[in-house]
Every structure is written in C-alpha cells, then in structure tokens.
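J.: sequence plus the predicted model coming up.
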Amino acid sequence: RAHLEESQRASRRRRFPFPRERSDSTGSSSIYFTASSGAAPTDDGESEGGGELADTCEGDRESSLEGLYEDGEDEVSGETVRAAHRDSLDLVGEDEAQLGSAPSPEEGLGQLLRQADRLHGGGERDKREGFQLLLNNKLAYAEHRDFAWRLARAHSDMCELAGDADEKRSYASDGKEELEVALQKWDQSAECHQWFAVLCGQLAEHEGIQKRIHSGRVFKEHIDKAIELKPEDPKSHYLLGRWCYQVSHLGWLEKKTASALFEAPPTATIEEALQSFLRVEELSPGFSKAGRAYIAK
C-alpha cells in the first residue's frame, strides 16, 4: 500500500512539472481573468492549470479583454450613451416646451394691450372691464409707455360712462394726472399727447369759463403736437376739427374772457374746422359719423 501511494505521488509530480500561478493576481482584473479562463479555484486558492495553461489563459485573457473593450464594451457603452443622449434631448425638449408655454414679460404686455384695445372698442360692459384690467396690471406695467396712455384712455372711457358730474370729473382728473407723469418720460409719444388733450377737454366741461378757456388752449397745444408726431392719425385731425368748430362759435362773453386771459386768445374759423374733417375722411373714410355731420353743416 505504501508503495502504491508513492507511485501515485510520483505520477502527480510528473503531471505538474511547472510551478503553479495564483488566480488572484493583482496584475490584472480577477473578474475579467476568471471570466475569460473558465478555471475554478481549488480549496487552497490555487489554479489546477500549469504554466503553459496559464500562459495560454493570459493570452486568451488579453484577447478577450481586447475584444470586450473593442466590441462588447463599445457596444454597451455606445448604446448607453445614445440612450442617455435621447433622454437628455427629451428633457431639453420638455424644458423648452415648459418655457415656451409661459409668455415672457414682453409677450405678456403685448397680450394685455391687445385685449385692452379690443375692450375699448366694445360696449359699456367691455369698457368697464378694460378699465379694471389695466388697473389690475398697473403695478407690473406702469413704466411702459403704451400701457400708460391706454390706462389714461380707459379713464376717458369711464368719464364718458359715469353718471354724475363729480364722478366724471374724478375720472378725467385721474387720467390727466397719469399722463402728466407719462409725458415727463415720453414727450415724443403722439398717443400720450392726444389723450392728454382729450382728458383736458373732458375736465373742462365741468369747470368755470376761465378754466375752460385755459384748458382749451392746452388742448390745442397737445393736439398740434400729436399731429406733428403722427400726422396720419385721423383721430387727432378729428379732435382738431372739433376744437376749431367750437372756438369759431364762442360767444361774446367767452371771447372777452379769452382776450382778458391771453394776449393772443385762441382763434379758429369754420373753414379750418372743415379742412380738418375733410382730412379725416381722406385718411380714413367713414371714421366718424359726427365728423361727416360737421362737414354737412
């Protein structure tokens, strides 16, 4: 029996003539090495393969690693990158869509002004709604010229709709004050001058004769400025025509008062009024039924 055991040990020594390598070498990744070689560790942690097998496995391991990095990893990582890129594009698209859904301050102002214009052209209920709409947004847009004169215009609308003299005077006065501030910043705005003139005229209807004459002079100055800045606006020519017509029909007392107040009191003729109304028809036929009525007179 002892002889038999010695023969078996000799046989094992002949089968493994080369020193054995450890499978847990720190010179390479044990994960990739194990996967490529397919060797299973023994109880003592050593490989069952010899040096030739280890060399072969090392070469196989390098080939496998090269193939893994060149093919498998490129394929996996490339697909991962493409998927991540698609996800990022989707996220960017969603973010842009969300940003696009919220209007910028400029777009918000534009929408507000268009709505205000539409309501101004409507009936009594629309005009009241437009006035409240602009009041509600005054804090946000008061520093914008086109908002300022529209708010003053809305005061003019409310003055026309008001039921008693005090209420009319209040709306006209408030609107005029809005434009006094606006004209300090935007003196070259035709609309600011135009609506300042309108509010001056509305306020003058509830004042004494001296203030009315003074307001009439201020009215003329601002209408002239509005026409200078925007000569193609039919409304300004219509307002000038009305002023000329009314001044041409001043009574004796009003003329005497005007002469006392001003070295050169305002004067106008029927012919000047007619020319203004004809200019309105030239710029915008049918702009005002009242204008055509003045022409007929």
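T.: Arrived safely, thanks for sending. Since we're looking at a predicted model, the values are computed, not measured.
J.: going forward, measure contacts and count neighbours with C-alpha atoms only.
T.: Will do.
J.: nearest residue to residue 219 other than its sequence neighbours?
T.: Counting by C-alpha to C-alpha, 6 or more residues apart in numbering, residue 197 is the residue found nearest to residue 219 once chain neighbours are left out, at 4.5 Å.
J.: swap in residue 168?
T.: Distance criterion C-alpha to C-alpha, 6+ apart; nearest residue to residue 168, sequence neighbours excluded, is residue 159 at 4.5 Å.
J.: go on, residue 161?
T.: residue 124 (7.2 Å).
J.: now that neighbour: how far from residue 172?
T.: Note on residue 124: its distance to residue 172, by C-alpha to C-alpha, to the nearest Å, is 17 Å.
J.: the more surrounded of these two?
T.: Applying other C-alpha atoms under 10 Å to residue 124 and residue 172 shows that residue 172 carries more neighbours, namely 30 against 15.
J.: quick check: next helix or strand after the helix or strand hosting the more buried one?
T.: Assigned by DSSP states H and E, residue 172 falls within helix 165-185. Read in the C-terminal direction, the helix or strand following helix 165-185 is helix 190-204, with elements assigned using DSSP H and E.
J.: can you list the buried residues in the next helix-or-strand element following that following helix?
T.: Read in the C-terminal direction, the helix or strand following helix 190-204 is helix 209-229, with elements assigned using DSSP H and E. By neighbour count, and taking 16 or more other C-alpha atoms under 10 Å as the criterion, the buried residues in helix 209-229 are 212-217, 219-220, 222-227.
J.: can you check stretch 150-160 too?
T.: By neighbour count, and taking 16+ other C-alpha under 10 Å as the criterion, the buried residues in stretch 150-160 are 150, 151, 152, 153, 154, 155, 156, 157, 158, 159.
J.: CA atoms of it as CSV?
T.: What follows is the C-alpha trace of stretch 150-160 in CSV, where atoms were taken according to Å, rounded to 0.1, in the frame of the first residue of the first chain:
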residue,chain,number,x,y,z
ARG,A,150,-54.0,103.1,-22.7
LEU,A,151,-54.7,103.5,-18.9
ALA,A,152,-55.4,107.2,-19.5
ARG,A,153,-57.7,106.3,-22.4
ALA,A,154,-59.6,103.9,-20.1
HIS,A,155,-60.1,106.8,-17.6
SER,A,156,-61.6,108.8,-20.5
ASP,A,157,-63.9,105.9,-21.3
MET,A,158,-65.0,105.8,-17.6
CYS,A,159,-65.6,109.5,-17.7
GLU,A,160,-68.0,109.1,-20.5
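J.: what sits up against that stretch?
T.: Residues from elsewhere that reach stretch 150-160, judged by C-alpha atoms under 8 Å, 6 or more residues apart in numbering: 113, 116, 120, 127-128, 130-131, 134-135, 167-172, 174-176, 178-179, 195-196, 198-199, 202.
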